[in-house]
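>>> Need the 3D shape of this:
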Amino acid sequence: MILFKRVHKTFYSAGFRSYPVLHDISFSVEPGEIFGFLGPNGAGKSTLIKILLNFIQASSGELFIRNLKIGRDNFQHLIGYLPEMPCFYENLTGLETLRFAGKTSQMKESVLMDAAQKTLARLKLGHAGNMLIKAYSKGMKQRLGIAMSLIHDPEIYILDEPMSGLDPMGRKLITDVILELKERGKTVFFSSHILSDIEKLCDRIGILNKGRLLYTGSVDEIITGSQDVETSFVELIEQDEVR
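As a prediction, the model looks like this:
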């Protein structure tokens, strides 16, 4: 469903100094699975997601979404995307924001209003549909961003830190939404720093550090003995840092 093939990315400064940020990244995300993408700050997770979405170009390598080549084929209608820091038109209401998101995803007007209302209700924002975004709390804005990725019912969800800024109730809500997507056969690729959520949700994970992929595989395979994902993750990163 999602395929990364030997992806490299290097940035250059005005003085032509090079800054390699991704090194030979190759892995796949299978149809219908939840794949967690984790790593410390600055590991290159958001850069890889931006390349996947064709916001920036890889220096070399290839990426595919359902056999469509990134940079060549149109794939945007297949995905729902949540950026790490979603931005909104603060003078729109929540309902207007979702209708805008639906229209940009080419939804028909005849179904858009009903879908927007149902999606707001599912994210516990039904009461705030007619509130201006400027009156939303941080957690409400995060849930609205997730609602925007859901509105057109795509096949694939790419979520960059979906639990950011959420209280325990909000995290439980988004956990339930992601599990429901899996039950419906959707594919979810998300990054997170909350490793307990990774352990609870994911079929497989990938671990990135300093732009290099250290591990891909099941959650069970990375846990040894009585350890949890967090302990195994920290040990793997620490071992890599001393190489």
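
>>> separation between the residue nearest the centre of the chain and P83?
Using C-alpha atoms, centre = their mean, the residue of the chain that lies closest to the mean C-alpha position is L159, 1.7 Å off. Noted for L159: a distance of 9 Å to P83, by C-beta to C-beta, to the nearest Å. (Glycine included, C-beta is placed from N, CA and C.)

>>> circling back: hey, what's the residue nearest to the centre of the chain bridged with?
L82, F190 (DSSP bridges).

>>> ok, now L208?
Here L208, judged by DSSP bridges, has bridge partners L213.

>>> what's around it, how many residues?
Using other C-beta atoms under 10 Å, L208 is surrounded by 24 other residues.

>>> try K69
K69: 12 surrounding residues under other C-beta under 10 Å.

>>> residues contacting it?
E62, L63 (C-beta atoms under 8 Å, 6 or more residues apart in numbering).

>>> Any chance of the backbone angles for it?
When read as degrees, to the nearest 10, the backbone of K69 gives phi -80, psi 130.

>>> gap between it and N54?
10 Å.

>>> picking up where we left off before, pLDDT value on the residue nearest to the centre of the chain, please?
L159 is assigned a pLDDT of 94 by the prediction.

>>> quick one: low-confidence ranges for this protein?
225-226 (pLDDT under 70).

>>> quick one: the strands in it?
For the chain, strands defined by DSSP state E occupy the ranges 2-12, 18-29, 34-38, 60-65, 68-69, 79-82, 156-160, 187-191, 204-209, 212-218.

>>> Minimum distance to K141: which of those strands has it?
Proximity to K141 (C-beta to C-beta) singles out strand 79-82 among the strands of the chain, at 11.2 Å.

>>> a markdown table please, covering the strands of the chain and showing distance to A147.
Formatted as a markdown table, the strands of the chain follow (distance: least, C-beta to C-beta, whole Å):
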| stretch | distance to A147 |
| --- | --- |
| strand 2-12 | 22 |
| strand 18-29 | 23 |
| strand 34-38 | 19 |
| strand 60-65 | 22 |
| strand 68-69 | 25 |
| strand 79-82 | 10 |
| strand 156-160 | 12 |
| strand 187-191 | 15 |
| strand 204-209 | 26 |
| strand 212-218 | 30 |
